[in-house]
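K.L.:
dropping a prediction and its sequence here:
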Amino acid sequence: MSSSTTRKPGENASPSPSPSPNPNPPEESGSSIKRIKITKSSEDPDKKKVVVTSAGKRLKDVEISVPIVYGTIAFYLGRKASESQSHKWTVYVRGATNEDLGVVVKRVVFQLHPSFNNPTRVIENPPFELSECGWGEFEIAISLFFHTDACDKQLDLYHHLKLYPEEESGPQSTKKPVVVESYDEVVFPDPSEAFFARVQNHPAVNVPRLPPGLNLPTPVPTETVNERERGDTKDHALNQWFMNFSEADELLKLAAARQQVQAHIIKLRRQLSVMDGMHQLPKQASAYE
């Protein structure tokens, strides 16, 4: 599984290539795993960061991480396709386990290709997504804005919209979409007490480490589904196409790959052993000896 480059938050998006009716997209894996750390400062200039300046008492040696997934799902329109609209696609940011990200993310801005009407799309409420129709592939800039008690700077992500499958043989299916997703973990070290109290029991948030003897703030009651519109994606219409990024699945994939490598090594060793044995056989005596 290859990983793609994460740009520093606040960095401008690179110019988007003009889409073509018969694009030849660069090689790209179906998913990538990265860990983005949101921190106050860093000695490493290459480390991606967002400066946290929220007010209030901070909890030292505490980390809050929020697993997120962003990507696109594109459907070929088949007989309904036209020269300018061959695919319907959706770009989104969701919780890795389809939980509501609204507890941390305030809004998401999707920057589309300039050829679209109103290419800057602002989504104020979860689920953070938008759907469009088109015919070309291009890079989408995705900017995440957090609630003020979490972080006061945006986090910029970049995703390449993919419409065409890697396999070019045969007609494109209208039932099986092209799915490309990336997994990130956004980490908030030394969070404010207000932020911690508000999210500590939320299923979209991970609190992996708590120092002993820490006096935790009183949890803030979470809103019920009846109090506001639910923002998770568990019952989303595209849910069946979402990828699973659980750690258990990753460990199973790594274990299976390790077994395949070990089996291949054993096979090669046997072949080498047979070849060495053939070389060590004595040459047959000549009839003239």
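P.N.:
Here it is on my side, so go on. In this text, all values refer to a predicted model and were calculated from it rather than measured experimentally.
K.L.:
can you pull out the helices in the stretch 151-289 of the chain?
P.N.:
Secondary structure of the stretch 151-289 of the chain, counting by DSSP state H, counting those that start in this stretch: helices at 193-199, 247-280.
K.L.:
okay if I get those as CSV plus mean neighbour count and distance to residue 86?
P.N.:
(C-beta placed from N, C-alpha, C; glycine too.) Below are those laid out as CSV (neighbours: other Cβ atoms under 10 Å; distance: least, Cβ to Cβ, whole Å):
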stretch, mean neighbour count, distance to residue 86
helix 193-199, 22, 41
helix 247-280, 10, 33
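K.L.:
parallel or antiparallel, list what pairs with the longest strand along the chain.
P.N.:
Longest strand of the chain, by residue count under DSSP state E: strand 63-76. Strand 63-76 sits in its sheet next to strand 87-95 (antiparallel), strand 178-189 (antiparallel), strand 206-209 (antiparallel), going by DSSP bridges.
K.L.:
about what we covered before: just put the helices of the stretch 151-289 of the chain in CSV and tack on mean pLDDT.
P.N.:
CSV is the format used below for those (pLDDT from 0 to 100):
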stretch, mean pLDDT
helix 193-199, 90
helix 247-280, 76
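K.L.:
in CSV: these, plus distance to residue 120.
P.N.:
Putting those into CSV (distance: least, Cβ to Cβ, whole Å) gives the following:
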stretch, distance to residue 120
helix 193-199, 28
helix 247-280, 35
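K.L.:
so which of those helices gets nearest residue 82?
P.N.:
Of all these, helix 247-280 sits nearest to residue 82, with 38.9 Å by Cβ to Cβ.
K.L.:
just want the angle from the closest one to strand 178-189.
P.N.:
Here the directions of helix 247-280 and strand 178-189 differ by 110 degrees (axes from the mean of the first three to the mean of the last three Cα atoms, to 10 degrees).
K.L.:
measure residue 214 to residue 149 for me?
P.N.:
19 Å (Cβ to Cβ, to the nearest Å).
K.L.:
brain fart, residue 58
P.N.:
11 Å.
K.L.:
residues that sit against both of these two, list them.
P.N.:
Listed as contacting both residue 58 and residue 149 by Cβ atoms under 8 Å, 6 or more residues apart in numbering are residue 192.
K.L.:
more neighbours, those two?
P.N.:
A count of neighbours by other Cβ atoms under 10 Å puts residue 149 above the other of residue 58 and residue 149, at 20 against 16.
K.L.:
pLDDT at that one, what is it?
P.N.:
Per-residue pLDDT puts residue 149 at 92.
K.L.:
follow-up on the earlier one: nearest to residue 166, of the strands paired with strand 63-76?
P.N.:
Of all the strands paired with strand 63-76, strand 178-189 sits nearest to residue 166, with 8.9 Å by Cβ to Cβ.
K.L.:
report the contact partners of residue 231.
P.N.:
By Cβ under 8 Å, 6+ apart, residue 231 lies in contact with 100-102, 125-127.
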